[in-house]
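> Sequence first, predicted model second:
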Amino acid sequence: MAKTIIPFGPQHPVLPEPVHLKLVVEDEIVKEAIPALGYVHRGLEKLVEIRDFHQMVQIVERVCGICSCIHAKAYCQGIEELMGVEIPDRARFLRVIWGELHRIHSHLLWLGLFADAFGFESVFQQFWKVREKIMDILEATAGNRVIISVNVVGGTRYDLTPEQLRWILEGLTEVEAGVKALQRTMLDDYTVKKRTVGVGMLSREQAIELGAAGPTLRGSGVSQDMRQLGYSAYCDLDFEPVVETGCDSYARSTVRFRETLQSIDLIRQAISRLPGGDINVPVKGNPEGEIVTRVEQPRGELMYYIKASGKKYLDRCRIRTPTFANVPPLLAMVGGIELADVPVVVLSIDPCISCTER
Amino acid sequence: MLFMTPNILKNFVSKRATRLYPFEVREPFANFRGELVNDIEACIFCGMCQKKCPSQCITVDRKTGVWECDPCACVYCSVCVDHCPVNCLSMKNDHRKPFAKKFMYTLQGTPPKPKKAAKKDE
Amino acid sequence: MIQPIIEVTQDNIASEVLKLKNSGHRLVTLTCTELDADNLDILYHFDKDLELTHLRMKQPKDKPVPSISGILFAALLVENEMRDQFGVTFDGLILDFNRTLYLDEEVTEVPLVSNVKITKQ
């Protein structure tokens, strides 16, 4: 049969992100895919020339619309290490609490969208109903639902009172009950397994060679999680990376589901060990030198390269987001699957195109 | 197989999860970052908010005593509130109602008197 | 302040990358900075078991850069992005977007190179 080229995206009912793929199809089996990006490029890396390094925190937060607090955390961590600033202990634990709340809300959003990709809309809305409780917690403690602006160079801006901590723990019990009620539907259902097991295979050697990051890597059996590096307060909390060996979309979905439950446990540990003290230290002077920092975003490994030379404007701030690293494995996974399975595979890497193109 | 059934039955008997906005409005949270307001009588026109703003939406004119903010360019991050030396800036805890045309939020106050031997009389 | 860093040149970049790939390293990314009016600084970052290794290469702006996308397929997206942002061409890129990955064809200025400071209004 002759080959046909079918364009997929950037506007498509089942695709939540503006990415364009040209699928080369022969008889309903996809042979290869050619990507095209550039629909949401804003040129944020050029703004280092006109905004000083304190104002860049707000700009860096707006790179992604789902995991914004973690971008700010990575940037502040890089500048603090470059300038040799030690932040107080209470600030380290508070950053962990808000970071893990972001991870829970991002994974719940993804679980809903993944169910929508194969048509299971009732479970999609059930997951988002559970997610509203986390949004209320973020709005009441930090001031906004997603872009919360709590990190500054030198610590955090807001503090948590004991009454707010009690309220967070009650909210987390509700969220945990809601998520566990949907566990059998998402992981054991016959239809869900038929659509996801064996679809989008990525073997362990391919995952390392193509540079995959995050649950894409951990779903293929490689046990690597940047939180093991011990930044913020993760060196004081005990956790193990969640690894599955299935190498398909079902394994990645299980990794993210188990990580949601693990994050709830990490927040409870952090709240019980929260020390007293200040929440930020004043920072004077300008940074100098170059540094590479890495942080674990919900989608994978986020890397920042910052170069400064003693002025208040930085020389270069390079951001490498995990979706950028997961696009070559996506192109390798798409070969040999049916046309109706393409949205399931594209969503299983958790794309976030506004991160990719900044 | 029928793992969703208990969930569906529970949803039939419990009340709705959504609110009938705009007839029913939730109480705003205390820390929410809403509109930016300035107490113009207490403002000393130092220009600190203009320097620190990440989106450069505030304009302060020291000579005429005009403080201006563009509500469509503001990102509601409250960095200006943190750095104001006399605490005249604050954020209301509810958002502004939608408007149909762009406008600038302009306030006129008394400009600071010059400190050295001035021609104005005290 | 980033360790360990190895200096390479255009001639031995391919053999160094092949050595790192065979010992199980994973490519993290490439970074490009402008050093002065004629030279760019290209850094390659690799990771194995949470430890980073870096390679540094100095590159004149008008000569093409040897591409590593033949050895590591993962590098192709980064090299196309560097072509868009800095205006360098690559030798041997397996899937070349010809500067249309982010920018349209009507754009004539190179984004991150011409250090024209935009004045505040």
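Thanks, I have the structure now.
> Might you report the residue contacts of the residue of chain C found nearest chain A?
Residue of chain C nearest chain A, by C-beta to the nearest C-beta: C:Ala74 (3.6 Å). Backbone N, C-alpha and C define where each C-beta goes, glycine included. C:Ala74 makes contact with A:Glu209, A:Leu210, A:Gly211, A:Ala325, A:Pro328, C:Leu27, according to C-beta atoms under 8 Å, 6 or more residues apart in numbering or on different chains.
> May I ask which of those has the most neighbours?
A:Ala325 (30 neighbours; other C-beta atoms under 10 Å in any protein chain shown).
> isn't there a helix covering that one?
Yes. Residue state for A:Ala325 (DSSP: H, G, I helix; E, B strand; the rest coil) corresponds to a helix.
> Confirm for me that it is in contact with A:Glu301.
Yes. Checked against C-beta atoms under 8 Å, the pair A:Ala325 and A:Glu301 is within contact range at 7.4 Å.
> Enumerate every residue touching the residue nearest the centre of chain A.
Nearest to the mean C-alpha position of chain A, by C-alpha atoms, centre = their mean, lies A:Pro298 at 2.6 Å. Residues near A:Pro298 by C-beta under 8 Å, 6+ apart: A:Ile66, A:Cys67, A:Ile70, A:His102, A:Arg103, A:Ser106, A:His107, A:Trp110, A:Gly214, A:Asp350.
> Residue of chain B nearest chain C, please.
Closest point on chain B to chain C, by C-beta to the nearest C-beta, is B:Gln56, at 6.5 Å.
> Next, that residue: phi, psi?
When read as degrees, to the nearest 10, the backbone of B:Gln56 gives phi 50, psi 50.
> now the strands for chain B?
For chain B, the strands defined by DSSP state E occupy B:36-38, B:58-61, B:66-69, B:89-91, B:105-108.
> Can you give me the neighbour number for B:Leu89?
By other C-beta under 10 Å, the burial measure for B:Leu89, its neighbour count, is 22.
> A:Phe8 too?
Neighbours around A:Phe8, by other C-beta under 10 Å: 18.
> Now do the same for the closest residue to it other than its chain neighbours: helix, strand or coil?
Counting by C-beta to C-beta, 6 or more residues apart in numbering or on different chains, A:Leu21 is the residue found nearest to A:Phe8 once chain neighbours are left out, at 4.6 Å. The three-state assignment at A:Leu21 reads strand, by three-state DSSP.
> For A:Leu21, give me its contacts.
Per C-beta under 8 Å, 6+ apart, neighbours of A:Leu21: A:Pro7, A:Phe8, A:Gly9, A:Ala33, A:Ile34, A:Pro35, A:Ala36, A:Val334, A:Val342, A:Val346.
> The first one belongs to a helix, doesn't it?
No. If the criterion is three-state DSSP, then A:Pro7 is strand and not within a helix.
> so who does it touch?
Contacts of A:Pro7 by C-beta under 8 Å, 6+ apart are A:His20, A:Leu21, A:Lys22, A:Leu23.
> Please repeat the previous calculation with a cut-off of 10 Å.
For A:Pro7, the contact set (C-beta atoms under 10 Å, 6 or more residues apart in numbering or on different chains) comprises A:His20, A:Leu21, A:Lys22, A:Leu23, A:Ala36.
> now the third one
With contacts taken as C-beta under 10 Å, 6+ apart, A:Gly9 has the following neighbours: A:15, A:17-22, A:35-36, A:39, A:343, A:346, A:353.
> Give the buried residues for the helix or strand hosting C:Asp47.
Taking DSSP states H and E as the criterion, C:Asp47 maps to strand C:39-48. Within strand C:39-48, the residues that qualify as buried are C:Leu40, C:Asp41, C:Ile42, C:Leu43, C:Tyr44, C:His45, C:Phe46, C:Asp47, counting by 16 or more other C-beta atoms under 10 Å in any protein chain shown.
> now stretch B:73-84
B:Cys74, B:Val75, B:Tyr76, B:Cys77, B:Ser78, B:Val79, B:Cys80, B:Val81, B:Cys84.
> do the same with stretch A:173-186
A:Val175, A:Glu176, A:Gly178, A:Val179, A:Ala181, A:Leu182, A:Thr185, A:Met186.
> Averaged pLDDT, the strand or helix carrying the second one. What do you get?
If you go by DSSP H and E, A:Glu176 is part of helix A:162-181. Averaging the model's pLDDT scores along helix A:162-181 yields 89.
> could you say what helices and strands the helix or strand that contains A:Lys133 packs with?
Secondary structure assignment for A:Lys133, by DSSP H and E: helix A:121-142. Counting contacts by 3 or more C-beta pairs under 10 Å, 6 or more residues apart in numbering or on different chains; DSSP states H and E, helix A:121-142 is packed against helix A:89-117, helix A:162-181, helix A:183-188, helix B:5-13.
> Compare the ones you listed and report which one is nearest to chain C.
helix A:89-117 (18.6 Å).
> quick one, what contacts B:Ala17?
B:Ala17 neighbours (C-beta under 10 Å, 6+ apart): A:Gln125, A:Gln126, A:Trp128, A:Lys129, A:Glu132, B:Asn11.
> Just the buried subset of those, please.
Judged by 16+ other C-beta under 10 Å, buried ones among these: A:Gln126, A:Trp128, B:Asn11.
> So which of the residues you listed sits lowest on pLDDT?
Out of those, that is B:Asn11, at 83.
> surely it meets A:Ser122?
Yes. At 9.2 Å, B:Asn11 counts as touching A:Ser122 under the criterion of C-beta atoms under 10 Å.
> Look up the residues that both of these two are in contact with.
Joint contacts of B:Asn11 and A:Ser122 (C-beta under 10 Å, 6+ apart) are B:Met4.
> interface residues of chain B facing chain C?
Within reach of chain C by C-beta under 10 Å from any C-beta of the partner chain, chain B has these residues: B:Gln56, B:Thr59.
> What ranges does chain B have for its helices?
Taking DSSP state H to define them, one finds helices in chain B at B:5-13, B:48-52, B:79-83.
> Looking at the contacts of C:Ala74, which is nearest chain B?
Taking these together and measuring to chain B by C-beta to the nearest C-beta, the closest member is A:Ala325, at 28.2 Å.
> Run through the residues that contact the closest one.
Neighbours of A:Ala325 in contact, by C-beta under 10 Å, 6+ apart: A:210-214, A:216-217, A:299-303, A:349, A:356, C:26-29, C:74, C:77-78.
> Quick one: mark the members of those that sit in helices.
Per DSSP H, the contacts of A:Ala325 map to helices at A:Thr216, A:Leu217, A:Thr356, C:Leu77, C:Val78.
> Please name the residues that touch the first one.
So the one you mean is A:Thr216. A:200, A:202, A:207, A:210, A:222, A:251-252, A:255, A:299-300, A:322-323, A:325-326, A:329-330, A:333, A:348-350.
> before we move on, back to that, of all the helices of chain B, which one is nearest A:Thr156?
helix B:79-83 (12.0 Å; C-beta to C-beta).
> So which elements touch that closest one?
Helix B:79-83 sits against strand B:36-38, helix B:48-52, strand B:89-91, with contacts defined as 3+ C-beta pairs under 10 Å, 6+ apart.
> what pLDDT does B:Pro118 get?
Just so we're on the same page, residue B:118 is Ala rather than Pro. Reported pLDDT for B:Ala118: 46.
> Count the residues that sit near whatever residue of chain B ends up closest to chain A.
Residue nearest to chain A within chain B: B:Pro54 (3.8 Å; C-beta to the nearest C-beta). By the criterion of other C-beta under 10 Å, B:Pro54 has 22 neighbours.
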